[in-house]
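**Student:** next comes the sequence, and after it the predicted model I'd like to discuss.
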There are 2 protein chains.
Amino acid sequence: MTANDTSGLTLYELAGADPELRFSPFCWKVRMALVHKGLEVEHVPVRFAEKETIAFSGQRLVPVLRDGEQVVTDSWRIALHLEERFPDRPSLFSDPATIPLTQFVNAWTDSVLPYLLRVILLDVYNSIHESDREYFRSSREKRFGMRLEAFVADKDANLAHFQKALNPLRTILTDRDFVAGDAPAYADYCAFSMFMWARGVSQTELLPPDDPIFAWREHLLNAFDGFARKAPRRR
Amino acid sequence: MTANDTSGLTLYELAGADPELRFSPFCWKVRMALVHKGLEVEHVPVRFAEKETIAFSGQRLVPVLRDGEQVVTDSWRIALHLEERFPDRPSLFSDPATIPLTQFVNAWTDSVLPYLLRVILLDVYNSIHESDREYFRSSREKRFGMRLEAFVADKDANLAHFQKALNPLRTILTDRDFVAGDAPAYADYCAFSMFMWARGVSQTELLPPDDPIFAWREHLLNAFDGFARKAPRRR
């Protein structure tokens, strides 16, 4: 990895009580994109209650990438930015023609996150900083119309719903090693990000070992010298 | 269109009480693929109770494509077969690199069909031939564990669930005209097939006019000289 041409790249990411713990799936998409491109960046942890840290971006959501004078928000736009800025690094897309369909996989991933949330919500709650918890609980309980504990109460059913929501991913991984084809690309990292969200905060096993998604997840945990596998998890 | 090099292509499709009524979404994927490639084929209607018509395929599901001595089943494999067999015709894929991700969209479509079924099931029932109805009702009521009428009773909620399940499609059509990018390709036809399923049998409007999916559907209804728009609907 060369840090030379990446100087000035700073990634603002959601952090937990442990500032080394990163669990936001949106941030994980970008983390995988950066390691895929061999780019080193400065990481700035941001807690829920510290949104003023990213006020310069004109909005309140992480991840935020600062690239010199440029500020890029939204993980999908960050991925496109990295691709355009570093065209000589390994591409995030097996071909430029795959960009629209990769965005579909990205949007699909976001549509599956609510199913996973019903499995790991209390783990997320227990991972965030104490000072974030009151805000987190009250905002989520208002959104869901119930106590956090009730939201995740039917664990088996919720896990089954999540596993069923993965069917499109399962179908294509039955036929090939990666979502993008023979080698992983950004479409893979999008889908993988949800598993890194869960892995950071929860001990719940989401997949049986004979699920084709399990083997794919192992591949990606081991990729880039075990980059994802080595990431800190909640103790 | 030239029929010369397509002689010998026969498509076996699900038919309704009206043999001109074709509503299977799996068959619609193939119908759109054929018109995209400018291929004329012989169409053979198959009712639920006439599965012996496709016994030669070694299985019981339509569509089945007979191409000379070759028999190809499963809409996805039929699409790949057409692409390989007619490489000089317009491609079903904006680039070969998009094939894996197109298969993802195909699998995603299949995962959304159950949501749509909860909206149009009685319309499907009313579209099939009288001789098919007893089999259809009993097999479906056994599968769903309830009367067909109960399955679709909460029409507003079921329609809302379907519309929500379309979020990944909606997201990318906010940014571009077609799923595959600037021009429609097989990924578009996969997602479009579910709307042709509904259109064939039902008068229910599935989308508000300001939904980005609405405009995309209009484009595809009008494509190929209005091929899809002209298709017979249940009277």
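**Tutor:** That came in fine, so what should we check first?

**Student:** I figured A:I54 hits A:R60, correct?
**Tutor:** Yes. Applying Cβ atoms under 8 Å, one finds A:I54 in contact with A:R60, separated by 7.0 Å. All C-beta spots, glycine's among them, are computed from the backbone N, C-alpha and C.

**Student:** neighbour count winner among the two?
**Tutor:** Set A:I54 next to A:R60 and count neighbours by other Cβ atoms under 10 Å in any protein chain shown: A:I54 wins out with 21 against 12.

**Student:** what sits against that one?
**Tutor:** Applying Cβ atoms under 8 Å, 6 or more residues apart in numbering or on different chains to A:I54 gives the contacts A:Y12, A:V46, A:R60, A:L61, A:V62, A:V64.

**Student:** give me the neighbour count for the closest residue in space to the first one that isn't next to it in sequence.
**Tutor:** The shortest distance from A:Y12 to any non-neighbouring residue, by Cβ to Cβ, 6 or more residues apart in numbering or on different chains, is to A:V64 (4.2 Å). Taking other Cβ under 10 Å as the criterion, the count of residues near A:V64 is 25.

**Student:** do the same with A:F48
**Tutor:** The burial count for A:F48: 18, using other Cβ under 10 Å.

**Student:** who's in contact with the residue nearest to A:Y12?
**Tutor:** When contacts are taken as Cβ under 8 Å, 6+ apart, A:V64 is in contact with A:L11, A:Y12, A:I54, A:S57, A:V71, A:V72, A:T73.

**Student:** got the buried residues for the helix or strand encompassing the second one?
**Tutor:** Element membership of A:Y12, judged by DSSP states H and E, is strand A:9-14. Using 16 or more other Cβ atoms under 10 Å in any protein chain shown as the burial criterion, the residues of strand A:9-14 that qualify are A:L9, A:T10, A:L11, A:Y12, A:E13, A:L14.

**Student:** A:L92 contacts A:K37, correct?
**Tutor:** Yes. With contacts counted by Cβ under 8 Å, A:L92 reaches A:K37, the gap being 7.0 Å.

**Student:** ok so, going back, helix or strand right after the strand holding A:Y12?
**Tutor:** Under the assignment DSSP H and E, the closest C-terminal helix or strand after strand A:9-14 is helix A:25-36.

**Student:** mind listing what the residue most central in space within chain A touches?
**Tutor:** The centroid of chain A falls nearest to A:P25 when counting by Cα atoms, centre = their mean (2.2 Å). Residues in contact with A:P25, defined by Cβ under 8 Å, 6+ apart, are A:T109, A:L113, A:S193, A:M194, A:M196, A:W197.

**Student:** can you name the next helix or strand after the helix or strand hosting the fifth one?
**Tutor:** Spelled out, that is A:M196. Under the criterion of DSSP H and E, A:M196 resides in helix A:186-201. Per DSSP H and E, the first helix or strand lying C-terminal to helix A:186-201 is helix A:212-226.

**Student:** can that next one be said to contact chain B?
**Tutor:** No. Using Cβ under 8 Å from any Cβ of the partner chain, helix A:212-226 stays clear of chain B, coming no nearer than 12.1 Å.

**Student:** quick one: buried residues of that helix?
**Tutor:** Residues A:P212, A:I213, A:F214, A:W216, A:R217, A:L220, A:L221, A:A223, A:F224 are the ones in helix A:212-226 that count as buried (16+ other Cβ under 10 Å).

**Student:** surely A:S57 and A:R77 touch.
**Tutor:** No. Using Cβ under 8 Å, A:S57 is not in contact with A:R77; the gap is 11.5 Å.

**Student:** neighbour count for those two, which is higher?
**Tutor:** It is A:S57, of A:S57 and A:R77, that has more neighbours when counted by other Cβ under 10 Å, with 19 against 11.

**Student:** got a pLDDT number for the more buried one?
**Tutor:** Residue-level confidence at A:S57 comes out at 95, pLDDT.

**Student:** ok, and the closest non-adjacent residue to it?
**Tutor:** For A:S57, ignoring the flanking residues on the chain, the nearest one in space by Cβ to Cβ, 6+ apart is A:V64 at 4.5 Å.

**Student:** for that neighbour, give me phi and psi.
**Tutor:** phi -130, psi 130 (degrees, to the nearest 10).

**Student:** please apply the same query to the one 4 residues further on.
**Tutor:** Dihedral angles of A:G68 (phi, psi; degrees, to the nearest 10) stand at phi 60, psi -120.

**Student:** burial measure for A:V62, as a count.
**Tutor:** 26.

**Student:** that one: which element?
**Tutor:** Per DSSP H and E, there is no helix or strand for A:V62.

**Student:** contacting residues around the residue lying closest to it once chain neighbours are set aside?
**Tutor:** Spatial nearest neighbour of A:V62, excluding adjacent residues (Cβ to Cβ, 6+ apart): A:L14 at 4.9 Å. A:L14 is in contact with A:R22, A:F23, A:S24, A:C27, A:P45, A:V46, A:R47, A:F48, A:V62, A:P63, counting by Cβ under 8 Å, 6+ apart.

**Student:** turn those residues into JSON lines, columns for pLDDT.
**Tutor:** Listed next are those as JSON lines, based on pLDDT from 0 to 100:
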{"residue": "A:R22", "pLDDT": "88"}
{"residue": "A:F23", "pLDDT": "90"}
{"residue": "A:S24", "pLDDT": "94"}
{"residue": "A:C27", "pLDDT": "96"}
{"residue": "A:P45", "pLDDT": "93"}
{"residue": "A:V46", "pLDDT": "92"}
{"residue": "A:R47", "pLDDT": "88"}
{"residue": "A:F48", "pLDDT": "82"}
{"residue": "A:V62", "pLDDT": "94"}
{"residue": "A:P63", "pLDDT": "97"}
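
**Student:** show the subsequent helix or strand relative to whichever helix in chain A runs longest.
**Tutor:** Ranked by number of residues, the top helix in chain A under DSSP state H is helix A:99-127. Later in the chain than helix A:99-127, the nearest helix or strand by DSSP H and E is helix A:130-144.
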